[in-house]
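In: What follows is a predicted structure for the sequence shown.
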Amino acid sequence: MLIRNFKPADADELRQVFYLSVHDLARNFYTPEQLDVWAPESYDKQSWLQRLSANNPFVATIDGQIAGFADLQSTGYIDQFFVASSFARRGVGATLMHHILGAALDRRIDHVYSHVSLAAEQFFSNHGFSVTERRVVRVKDIEMANARMERSAG
């Protein structure tokens, strides 16, 4: 597995990873309506590219295929963390998390946090994160539960 920096040419494939990750891996935690509002089939390609460019995620590849991606912001916030459903439970998430925590130390960020879906909560917990707040967010008038989770970077 290789972890590399985002390239704009990755945008379409990262969108597919995001979409399938939400719809395949989170389907036991959210209703179809919630999944559709979180990751709709149609989307604005320019907005997606702008978000990725701003977040500048790390991209995990296996044999040249994108297996997942995750970012780390200067505040310690992890905005996006998604593994392709076809690569689930194969160490991609763990490798990305290890890379993020190493990057946090390199950048002298001592604390990392994220707003984590119910589907990802156990994964984050297994990596030393604790729930600090239970939340219900509204996306286009649809309520969805998630949790703020955090840990020290070291």
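Out: Happy to help now that I have it.
In: residues touching residue 152, list them.
Out: 110, 111, 112 (C-beta atoms under 8 Å, 6 or more residues apart in numbering). In this view, the C-beta of every residue, glycine as well, is placed from N, C-alpha and C.
In: who does it bridge with?
Out: Taking DSSP bridges as the rule, residue 152 bridges to residue 111.
In: I'd like to know how many residues surround residue 45.
Out: Applying other C-beta atoms under 10 Å, we find 11 residues neighbouring residue 45.
In: And residue 128, by the same measure?
Out: With other C-beta under 10 Å as criterion, residue 128 counts 14.
In: Spit out the contact partners of it.
Out: residue 151.
In: Just the element for it, please.
Out: Using DSSP states H and E, residue 128 sits in no helix or strand.
In: same question, residue 147
Out: Using DSSP H and E, residue 147 sits within strand 142-152.
In: what is the rounded mean pLDDT of that strand?
Out: For strand 142-152, mean pLDDT rounds to 97.
In: can you pull out the helices in the chain?
Out: In the chain, the helices defined using DSSP state H lie at 11-20, 32-38, 45-55, 92-106, 121-126.
In: List the buried residues in the third one.
Out: Looking back up the chat, that one is helix 45-55. For helix 45-55, the neighbour count (16 or more other C-beta atoms under 10 Å) marks 49, 51, 52, 55 as buried.
In: Around the spatially closest residue to residue 26 that is not a sequence neighbour, how many other residues sit close by?
Out: Counting by C-beta to C-beta, 6 or more residues apart in numbering, the nearest residue to residue 26 once its immediate chain neighbours are dropped is residue 119, at 3.8 Å. Number of residues near residue 119 (other C-beta under 10 Å) recorded here: 17.
In: measure the closest residue to residue 95 other than its chain neighbours to residue 77 for me?
Out: Distance criterion C-beta to C-beta, 6+ apart; nearest residue to residue 95, sequence neighbours excluded, is residue 1 at 5.5 Å. Distance, residue 1 to residue 77, by C-beta to C-beta, to the nearest Å: 24 Å.
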